[in-house]
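Asker: Just need the structure, nothing else, for what follows:
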Amino acid sequence: MRNPLSEKVVTIKPSGIRKFFDIVSEMKDAISLGVGEPDFDTPWHIRDEGIYSLEKGRTFYTSNSGLKELKTEIANYIERTQGLTYDADHEVIVTVGGSEAIDIALRAMIDEGDEVLIPQPSYVSYEPCAILANARPVIIELKEENEFRLTAQELREAITDQTKILILPFPNNPTGAIMEKKDLEEIAEVIREKDIFVISDEIYAELTFKGKHVSIASLPGMKERTVLINGFSKAYAMTGWRLGYACAPAQIMEQMVKIHQFAIMCAPTTSQYAAVEALRNGDDDVATMREAYNQRRRFLMYSFKEMGIRCFEPYGAFYVFPCIKEFGMTSEEFAERLLAEEKVAVVPGTAFGDCGEGFLRISYAYSLEDLKIALEKIGAFIARLREKK
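Answerer: I've put the predicted structure just below:
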């Protein structure tokens, strides 16, 4: 019988995050710090708008690129937060989560053999999506001594004649690293000089704890080179609503809409109506959740300091990325033993790239009470390891 499978797809590894998520789902008494999902419910006024849209019978397709009302609110939001002006009709698309936006942006821009630069550790979807778009992914290994930021020198050294796109994943999952304006200005200079493009994944933009998030698209000469991606999952606790968006030059957006049109049709209608309410009246909700995350972040940093565990201070998203190299085991071995012995689930750093070896991703999108219990168990586990040494 002829092989029914795509060799390209077969060679792609499954998500390392899902492996531990599936194990934990079978352990009712385990504490999971592994999933990057807010523990908050979607704010009631946003849920109400979704419910109301159903009651009013708004259950039909929207236009392919999304509700005009929502696209206008997205454009207004980006203008008031980043000072960027986008044409809601031709430069904005509503997608099924930020992940779909990443996929269709790559497919709209890539020809076979083009290189896509991917700083790692980073979100698990970038590399597979680049491969599926027939690009050649080129990994830039970010360094702990640089707080896992991308430097202009690292970028310059990675660019070749085949390079077309840089994926810029900040605030970063899994490290929590951010890029400040001065960092982005140095990166933008290289991008303009080398004539390449950027897909800027800003899904954690609202969860920044040091200053205000700056989009690289807001820098001189960068809007026309950038696809800006964001969504509602993290900032508004709307993961299950599956709604994201992208803003891009009309030339790129036209092709993104074409792919979205054939593959998806449109994002969920109910979710789009709820998102209009989120953008119009959700700023206070975001601020409340951000403060709660910041409190948890400070607690984790204090706890790791007390344990003597090295961990650079992250200022974005809701993750910490502590170093466990002193224990002489791989990240996966450490995570597996911690789960077996203390029933606490974390994600090995290698789930986010080979350079994540020796680190763990710990999410603080959980209650402070759960975090305190989990950190006590982690502390006990580490104490035992040190005693044996």
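Asker: alpha carbons only for contacts and neighbour counts from here, please
Answerer: Will do.
Asker: And residue 60, how far from residue 92?
Answerer: Plainly put, residue 60 is 20 Å away from residue 92 if you go by C-alpha to C-alpha, to the nearest Å.
Asker: higher neighbour count, those two?
Answerer: For residue 60 and residue 92, the more surrounded residue by other C-alpha atoms under 10 Å is residue 92, and the numbers stand at 30 against 9.
Asker: My guess is that one contacts residue 78. True?
Answerer: No: applying C-alpha atoms under 8 Å, one finds residue 92 not in contact with residue 78, separated by 10.7 Å.
Asker: mind listing the strands for this structure?
Answerer: Under the criterion DSSP state E, the chain contains strands at 31-32, 92-95, 115-120, 136-141, 163-168, 197-201, 226-231, 244-247, 319-320, 344-345, 347-348, 360-363.
Asker: where does this protein have low pLDDT?
Answerer: Counting by pLDDT under 70, the chain contains low-confidence residues at 18-21, 23-25.
Asker: Show me it divided up by domain.
Answerer: Structural domains of the chain, as assigned by automatic domain parsing, span the residue ranges 7-42+284-380, 60-281.
Asker: Kindly reformat those as TSV containing distance to residue 389.
Answerer: Written out in TSV, the entries for the domains of the chain read as follows (distance: least, C-alpha to C-alpha, whole Å):
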stretch	distance to residue 389
domain 7-42+284-380	8
domain 60-281	25
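Asker: if we can go back for a sec, tell me which of the strands of the chain sits nearest to residue 255.
Answerer: strand 92-95 (11.0 Å; C-alpha to C-alpha).
Asker: name the helices or strands packed onto the closest one?
Answerer: For strand 92-95, the helices and strands in contact under the criterion 3 or more C-alpha pairs under 8 Å, 6 or more residues apart in numbering; DSSP states H and E are helix 68-82, strand 244-247, helix 250-263.
Asker: what does it rub up against?
Answerer: Contacts made with strand 92-95 from outside it, assessed by C-alpha atoms under 8 Å, 6 or more residues apart in numbering, are listed as 65-67, 71, 74-75, 86, 101, 243-248, 253, 257, 260, 266-267.
Asker: Which residue ranges of the chain form helices?
Answerer: Listed from the start of the chain, the chain has helices (DSSP state H) covering 7-10, 16-25, 44-55, 68-82, 97-109, 126-132, 152-158, 181-194, 250-263, 269-281, 283-307, 331-342, 368-388.
Asker: how about these, which one is nearest residue 210?
Answerer: helix 283-307 (10.2 Å).
Asker: Quick one: closest of the helices and strands packed on strand 92-95 to residue 42.
Answerer: Closest among the helices and strands packed on strand 92-95, using C-alpha to C-alpha: strand 244-247, at 15.2 Å.
Asker: partners of that closest one in the sheet?
Answerer: As defined by DSSP bridges, the strand partners of strand 244-247 come to strand 92-95 (antiparallel), strand 226-231 (antiparallel).
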